[in-house]
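> Have a look; sequence and predicted model below, questions after that.
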Amino acid sequence: MRPFSILALFLPFGLGVIFSVLPVRGEMCSALIKAAAGDNLTTLRHKTFSAFRKECRLNKDQFDESNSCSFSTVPTQQETVTFKFILKPLSMPFRLDFAVKIEKGAALALAENTTHGSIFADINIGGLKNTRSVMRCSYAGCSEVFSQHYEAGLVNATEYRPFWIDYKGGVVRVGKGGQEEAFLEWDAGAHHQRVVTQVRIGIASRSIANGDWVFYKFCE
């Protein structure tokens, strides 16, 4: 995804707030929000980024799809999640950009090969009724949570939400599209006492929800 900066103007007394998203390359994206009486900076920032996601990031047609590929996942009917392995093998280090449209429970796996027993990091975005995201150790018999983040509404059933996964030196990081700060991070290599250098990606719906996915790199 293209890097960007945000230019915003906050006006008092309930006046409109105009902000522009300025990518390093490409066209500028602008939107208008309204500041209500009593809105503090945190509220205005939340409104700004909500409008940004809606106007500039979440329309599938606005992504650069020249090298993209799409996949779907079906609701999980059993307690054990079955991952669909996609994309070609990824060599460490890598950053994987993707977008997902799902009500809750967008699950991804990092594995050595296309078997469930080789999964070394299990990521769940928007679990617990779309309020918590976690990263688990997922070799056989290991389901302990090693990283978690509480935030409601990270995924959505009607619009694509962008995310990224970064893997370097055995450390797995997960963040929102357009933000460099990770909301999940875990040193899987240190825990497993070995660093996997060739990685396969698996996806699943960890809930009773269909998932639509778009990946922007490493398509076969």
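Thanks, I have the structure now.
> State the pLDDT value of the residue most central in space within the chain.
For the chain, Phe163 is the residue whose C-alpha lies nearest the centre (C-alpha atoms, centre = their mean; 2.6 Å). pLDDT for Phe163: 98.
> so which strand or helix has it?
For Phe163, the element it lies in under DSSP states H and E is strand 161-168.
> buried ones in that strand?
Buried positions in strand 161-168, judged by neighbour count with 16 or more other C-beta atoms under 10 Å: Arg161, Pro162, Phe163, Trp164, Ile165, Asp166, Tyr167. Bear in mind the C-beta positions are built from the backbone N, C-alpha and C, glycine included.
> For that strand, list the C-alpha coordinates in CSV.
The C-alpha coordinates for strand 161-168 follow below in CSV (Å, rounded to 0.1, in the frame of the first residue of the first chain):
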residue,chain,number,x,y,z
ARG,A,161,-10.6,-3.2,6.0
PRO,A,162,-6.8,-3.1,5.1
PHE,A,163,-4.1,-4.7,7.2
TRP,A,164,-0.5,-5.9,6.9
ILE,A,165,1.7,-8.7,8.3
ASP,A,166,5.4,-8.1,8.7
TYR,A,167,7.8,-11.0,9.3
LYS,A,168,11.5,-10.5,10.0
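> which secondary structure elements does that strand contact?
Secondary-structure packing of strand 161-168 (3 or more C-beta pairs under 8 Å, 6 or more residues apart in numbering; DSSP states H and E): strand 94-101, strand 106-111, strand 171-176.
> Dump the ones you listed to a markdown table, plus distance to Ser70 and mean neighbour count.
Output for the helices and strands packed on strand 161-168, formatted as a markdown table (distance: least, C-beta to C-beta, whole Å; neighbours: other C-beta atoms under 10 Å):
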| stretch | distance to Ser70 | mean neighbour count |
| --- | --- | --- |
| strand 94-101 | 10 | 20 |
| strand 106-111 | 14 | 25 |
| strand 171-176 | 20 | 20 |
